[in-house]
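> Sequence and predicted structure below; questions after.
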Amino acid sequence: MAKRVSRKRSPRRSRPAKARPKATPASPKESVTHGIAVGTRRTGGAFRLTYATMFDPPASLHEKFEKALAAVKADLGRDHPMWIGGRERQAADRFEDRSPINAKWVLGTFQKGTAQDVADALAAARAAFPAWSRMKWQERVRLLRKVVAQIEKRVYELSAAVALEVGKNRMEALGDVQEAADLIAYNCDALEKNDGFIRPQGRDPLKGYRATNVSVLRPHGVWVVVSPFNFPMALSGGPAGAALAAGNTVVFKPATDTPWAGALLAQCFRDAGLPDGVFNFVTGPGSVVGEALIVSPRVDGITFTGSYDVGMHIYRTFAGGGYPRPCVAEMGGKNAAMVSRHADLDRAAIGIMRSAFGLQGQKCSACSRVFVERPVRDALVQKLVDLTTKISIGDPTRRENWMGPVINRKAYDDYRAYVEELSRAGTILTGGQQLTKDDLKQGYFCAPTLVDAVPPDHRLWKHEMFLPITMIGAVESLEEAMRRANDVDYGLTAGFYGSKKEAAWFFDNIRVGVAYANRPQGATTGAWPGYQPFGGWKGSGSTGKNTGGPYYLQLYMHEQSRTLIE
Ligand code: NDP
């Protein structure tokens, strides 16, 4: 029953105690029809939550979160079933889910699924596929919009659970849950904008015959969704929503560190009234339940989000089937911020700090490397250290705390090992300690850490640590910064601070799927569906098409060209 003790890092949200510049709201584009308000209004109109607007929420948001948190905390420790073919499923073995904030808090117990449970879930999804895929796409959209409504109805309750389970601060937790709703809505919008992807083609010039040619995108069949611990709502709901909108049926497995978020999301799909077997939920270790899913020939497509090592294992295993099947693998990052001598250093410092330490450095888009031109190196470092030492750390469900714990014991131990290695290779500018004072000792709290002067050939310049540790390197030129930024197997996000002309050069030369310039809200983090489609190049992603963007939903369908001769 011991909770699996391995990677679990936790998030926290953004708010350096001082030096908090006003967040500039993302400028909504007319084409964005989602991005739902979290509840209230502030001067100038409705507050619309995104990762770039979350720094200054209305007071009522805090009140609602606190009320929900109290209710959720009063009801901890339940046993949560799997959900297969429209029925609850228990397993012989269970595992405990404990909070990284305080390892004594048992959040719930969950089923340790088996290969048989996986086989049953796949069979249920297979049985449900014909009716779901033949259903009019408008009807599927109608049902999926009910899922969105379920999530939004419960947004505070779900966010409180995510905060407790992942260790996210309240704004990060609310963002994760709202993003799940927005991603599902985005995929519904995409289906509508493209008229269900049914496209008449030209009539070929046949003498004596009349040809009707149509291109139709059709679903593959049973789609598996495997998600990571750090965004357990958005990175489960988003891919599941896309797969379902496209007409596939789904078997979903959450990370072992975040089964509760998975179960709550599954309830939203269930309560929306999807037909039995369309959405199935299984829990259990990746090595058992995950493996059973990826080796099965009864799977037609998969979306995995997680680490490079597991992602590449899944990608290769999945390719070992009888024929090619789509594998959407979204993997890690080693994201760099580049700072020119012409940069606004205040903006650079706040953007880097937010992206380095938001969610405790456990975002795939976290800023883990900074390359700064030598003439402004000292000034930038001073500002970064000042901001970092002001970060408030503690129970992240409390309003005053911006950083929470890392996800689990393994991440906590890894932090110490990396800090020891880096202190031998370079200079720890600030941080470097596990935090054990008072009630922090019950959880996995680590100080945000800035490291300087590590030789360019050190292995940790290229290795994703996934912790609140950021390395700073002085460079002689932007060309050197660009060469080092690109010299990794990853290609997820990057940030730049400098002149507009330099920014154009940065966009043209950086090899990543998501690039930001001069952004105080986050140097490398904070994408939101409809504003910043999110995905990686190279070892960060298998498709080159980003979620929350115009080319994503098509990944879940294959094309059929239909010709009828009369
Ligand atoms: P992991 O790769 O450890 O786990 C991800 C998921 O894969 C979990 O559900 C895990 O299950 C499952 N899994 C593990 N082994 C197998 C297997 N053999 N077969 C099938 N499934 C398996 O990632 P983390 O949860 O630690 O998440 C952090 C990582 O995710 C980081 O590298 C981060 O960069 C990346 N990430 C990438 C994003 C992107 O969009 N590119 C977004 C968010 C995170 P279990 O937990 O039971 O082991």
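Received the coordinates, thanks. This is a predicted model, so every value here is computed, not measured. Numbers count the residues shown, from 1 in each chain.
> use CA for all of it now, contacts and neighbours both
Fine.
> How about the backbone phi and psi for the residue of the stretch 101-250 of the chain at minimum distance from the ligand?
As assessed by CA to the nearest ligand atom, the ligand sits closest to P228 within the stretch 101-250 of the chain, at 3.4 Å. With angles defined as degrees, to the nearest 10, P228 sits at phi -90, psi 180.
> For it, which residues are in contact?
Contact analysis of P228 by CA atoms under 8 Å, 6 or more residues apart in numbering lists 235, 254-255, 305-306.
> what do you get for G108?
Shown in contact with G108 (CA under 8 Å, 6+ apart): 76-80, 96-98, 260.
> How about A246?
By CA under 8 Å, 6+ apart, the contact set of A246 is 133, 137, 191, 218-219, 553-554, 556-557.
> Quick one: those as a markdown table, columns for pLDDT too.
Shown next, in a markdown table, are the contacts of A246 (pLDDT from 0 to 100):
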| residue | pLDDT |
| --- | --- |
| S133 | 98 |
| W137 | 98 |
| L191 | 98 |
| R218 | 98 |
| P219 | 98 |
| L553 | 98 |
| Q554 | 98 |
| Y556 | 98 |
| M557 | 98 |
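> from those, which ones fall inside helices?
133, 137, 191 (DSSP state H).
> give me the subset of these touching the ligand.
Residues of the ones in helices among the contacts of A246 in contact with the ligand (CA under 6 Å from any ligand atom): none.
> Give me the buried subset of those.
Listed as buried from the ones in helices among the contacts of A246 are 133, 137, 191; burial here means 16 or more other CA atoms under 10 Å.
> What is the neighbour count of the closest residue to the first one other than its chain neighbours?
Of all residues not flanking S133 in the chain, G247 sits nearest, at 4.4 Å (CA to CA, 6 or more residues apart in numbering). Number of residues near G247 (other CA atoms under 10 Å) recorded here: 30.
> Use 17 as the first number from now on
Sure, I'll start numbering at 17, so the last one becomes G263.
> Report the backbone C-alpha coordinates of stretch 75-91 in PDB.
Written as PDB, here are the backbone C-alpha positions of stretch 75-91 (Å, rounded to 0.1, in the frame of the first residue of the first chain):
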ATOM      1  CA  ALA A  75     -10.200  38.400  -4.400                       C
ATOM      2  CA  SER A  76     -13.300  36.300  -5.000                       C
ATOM      3  CA  LEU A  77     -11.200  33.700  -6.700                       C
ATOM      4  CA  HIS A  78      -9.200  33.200  -3.500                       C
ATOM      5  CA  GLU A  79     -12.400  33.000  -1.400                       C
ATOM      6  CA  LYS A  80     -13.800  30.300  -3.700                       C
ATOM      7  CA  PHE A  81     -10.600  28.300  -3.700                       C
ATOM      8  CA  GLU A  82     -10.300  28.400   0.100                       C
ATOM      9  CA  LYS A  83     -13.900  27.200   0.500                       C
ATOM     10  CA  ALA A  84     -13.300  24.400  -1.900                       C
ATOM     11  CA  LEU A  85     -10.000  23.500  -0.300                       C
ATOM     12  CA  ALA A  86     -11.600  23.200   3.200                       C
ATOM     13  CA  ALA A  87     -14.300  20.900   1.800                       C
ATOM     14  CA  VAL A  88     -11.800  18.700  -0.100                       C
ATOM     15  CA  LYS A  89      -9.600  18.400   2.900                       C
ATOM     16  CA  ALA A  90     -12.500  17.300   5.100                       C
ATOM     17  CA  ASP A  91     -13.100  14.400   2.700                       C
END
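> Work out for me the element W239 sits within.
Assigned by DSSP states H and E, W239 belongs to strand 238-242.
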